[in-house]
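>>> curious how this folds, go ahead:
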Amino acid sequence: MLIAVGLGNFGAEYVNTYHNCGYMTAALLAEELGFKFKKKACSADIAEGFINGEKIVVALPLTYMNNSGIAVKELLGYYKATVADLVVIYDDIDLPNGSLRIRRSGSAGTHNGMKSIIGEIKSQDFVRVRIGIGGKPEYMDLKDYVLMNVPKDVQPVLAETIKKAVNGIKGYIAVRDAEKFMREFSK
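You can find the predicted model right below:
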C-alpha cells in the first residue's frame, strides 16, 4: 500500500498558487497512473487503483493546508496503513525555485501543513517530496506569497519540477527504495 497526499487548498482561487504545488503534483500523478478522483472520503478527494497488485491511493485533502493532518490521519486509519506507506508532497519556501528534495523523515520546518500532519499522526518518519518555490520577497507577507498565483515566467520551471517529482514517485512505487528515490530525484 502507498498513500500519496498532495498538500494544497481546494477551491478555484487556489488552483495556480505556489501553495498548491502538492495538489498539482498529486493530480498529475493520478492522471499518469490512469486513476480518476472519484471518491470523497477521509476529508479528501481520492483516486485509487492497483499497480503490480499493490493498492495505490492519491489524495487531495479538503481541509485547507493548515489542517492537512486531519485528512492524513483519517486516510491512514481508513486504509489501515502506517506512516511507512505515506508520501506527502508539498511546496517549500526554504528551497530554491524549481528544486526538488526527497526525504524519509524530518521536521515540519516552517510549513504549517506539515506541522499539522506531524501533530496529528505523531510521527515524522514518512517520505516527503518537497518542491522548491523560493523565498518570498522581503516586502511580502509569507501568506500572500504562498497564496499568490505562480508568475508566468516561473510556471515552466515549476511544471518541469512537478513532472520530475511525478516520475520520482512512480519510480518509488515500482521499487520502494527510499534511498534510491532520494539520490535520483533530489536536485
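>>> just the strands in the chain please.
If DSSP state E is used as the criterion, the strands of the chain fall at 2-6, 37-41, 44-51, 54-61, 86-92, 100-103, 127-132.
>>> mean confidence for the first one?
Spelled out, that is strand 2-6. Per-region confidence: strand 2-6 scores 98 on mean pLDDT.
>>> quick check: angle from it to strand 44-51?
140 degrees (axes from the mean of the first three to the mean of the last three Cα atoms, to 10 degrees).
>>> and residue 23, what does it touch?
6-9, 15, 60 (Cβ atoms under 8 Å, 6 or more residues apart in numbering). The C-beta positions use only the backbone N, C-alpha and C, and glycine is treated the same way.
>>> what score does it have for pLDDT?
pLDDT, residue 23: 97.
>>> go on, residue 147?
On the pLDDT scale, residue 147 gets 93.
>>> distance of it from residue 20?
Here residue 147 is placed at a distance of 9 Å from residue 20 (Cβ to Cβ, to the nearest Å).
>>> residue 122 now?
Taking Cβ to Cβ, one finds residue 122 at 26 Å from residue 20.
>>> between those two, tell me which one has more neighbours.
Higher neighbour count among residue 122 and residue 20: residue 20, with 27 against 9, using other Cβ atoms under 10 Å.
>>> OK, contacts around that one?
By Cβ under 8 Å, 6+ apart, residue 20 lies in contact with 8-9, 14, 91.
>>> can I get those in CSV including neighbour count?
CSV is the format used below for the contacts of residue 20 (neighbours: other Cβ atoms under 10 Å):
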residue, neighbour count
8, 28
9, 23
14, 18
91, 27
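>>> residue 153: which of the residues you listed is nearest?
Distance to residue 153, by Cβ to Cβ, is smallest for residue 91 among the contacts of residue 20, at 17.5 Å.
>>> so which of the strands of the chain is the most packed in?
strand 2-6 (a mean of 26; mean count of other Cβ atoms under 10 Å).
>>> who's in contact with that strand?
Residues outside strand 2-6 that contact it (Cβ under 8 Å, 6+ apart) are 22-27, 29, 44, 54-61, 68, 71-72, 75-76, 79, 81, 85-90, 169, 172-173.
>>> so residue 38 makes contact with residue 47?
Yes - assessed by Cβ atoms under 8 Å, residue 38 is found in contact with residue 47 at 7.0 Å.
>>> I figured residue 135 hits residue 91, correct?
No - between residue 135 and residue 91 there is no contact under Cβ under 8 Å: 12.0 Å.
>>> and residue 85, how many neighbours does it have?
By other Cβ under 10 Å, 20 other residues sit near residue 85.
>>> ok, now residue 69?
As a burial measure, residue 69 scores 22 neighbours (other Cβ under 10 Å).
>>> repeat for residue 135
Neighbour count of residue 135, defined by other Cβ under 10 Å: 14.
>>> so who does it touch?
93-94.
>>> equivalent analysis for residue 57, please.
1-4, 46-48, 75, 79 are the contacts of residue 57 under Cβ under 8 Å, 6+ apart.
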